[in-house]
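Chemist: prediction below, plus the sequence it came from.
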Amino acid sequence: MNWIARRALLGIPVRLVAAFSLRWKNANAAGRPISLEEFMALSSRLTARSGLDLNLGRTYLAGLLNDPKKAPSLETLVHGRGIDVALEREIILNWYTGVYKVAGERRLATHAGALVWKALNLPAPGTCSGKTGYWAKPHMSGE
């Protein structure tokens with residue numbers, strides 16, 4: 001008759017507790033909603049920009065969570081458990097263009113607040129960004 005060694009017998013509860021703890025932790029993380037702060041941290045990492053507009057972040061997050069196909073992938077990205085290149089690209093495009101999707105329909109969240117204008121070091125077209133007549137002079141990089 002084979003007997004379980006005393007050390008192996010004592011190790012069973014430890015292994016069970018560790019296994020259940022890991023499953024509970026993963027299930028708990030997977031079940032909670034994505035917070036705005038988590039989305040903003042992800043957005044800052046993807047865009048390489050800090051100080052992003054919270055209202056825009058709220059809008060973009062709501063648009064992404066509205067799509068049941070994107071919500072699980074977004075959760076995976078936020079919690080660092082994987083990558084989804086298409087979703088990462090969409091988040092970056094939201095921030096840089098100011099356009100996001102809801103139910104497949106494009107919507108404008110911002111024009112002047114789109115990151116593309118900061119990246120180009122230009123004021124958004126149609127905005128007043130200087131003294132009277134500033135637009136008559138050629139734009140110099142770094143002004």
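Modeler: In hand now; what should we look at? Numbers count the residues shown, from 1 in each chain.
Chemist: can you list the buried residues in stretch 38-58?
Modeler: By 16 or more other CB atoms under 10 Å, the buried positions in stretch 38-58 come out as 38-40, 42-43, 46-47, 52-53, 56-57. From N, CA and C alone the C-beta is placed, and that goes for glycine too.
Chemist: in this protein, which spans are helices?
Modeler: For the chain, applying DSSP state H gives helices covering 6-31, 36-47, 54-65, 71-78, 85-97, 115-120.
Chemist: ok so, going back, pick the one among the buried residues of stretch 38-58 closest to Pro68.
Modeler: Nearest to Pro68, judged by CB to CB, of those is Phe39 at 17.0 Å.
Chemist: what's the distance between Lys137 and Lys131?
Modeler: To Lys131, Lys137 is 10 Å away according to CB to CB, to the nearest Å.
Chemist: please apply the same query to Ile34.
Modeler: Noted for Ile34: a distance of 43 Å to Lys131, by CB to CB.
Chemist: neighbour count winner among the two?
Modeler: Taking other CB atoms under 10 Å, Ile34 and Lys131 do not tie; Ile34 has more neighbours (17 against 7).
Chemist: I figured the more buried one hits Leu65, correct?
Modeler: Yes - checked against CB atoms under 8 Å, the pair Ile34 and Leu65 is within contact range at 7.1 Å.
Chemist: how far does stretch 61-79 sit from its chain's centre?
Modeler: 9 Å (CA atoms, centre = their mean, to the nearest Å).
Chemist: what does that stretch contact?
Modeler: The set of residues external to stretch 61-79 that reach it, using CB atoms under 8 Å, 6 or more residues apart in numbering, is 29-30, 34, 36, 38-39, 41-42, 82-84, 87-88, 90-91, 94, 100-103, 107.
Chemist: tell me the span between the first and last residue of it.
Modeler: Here the two ends of stretch 61-79 are set 15 Å apart, with distance taken as CA to CA, to the nearest Å.
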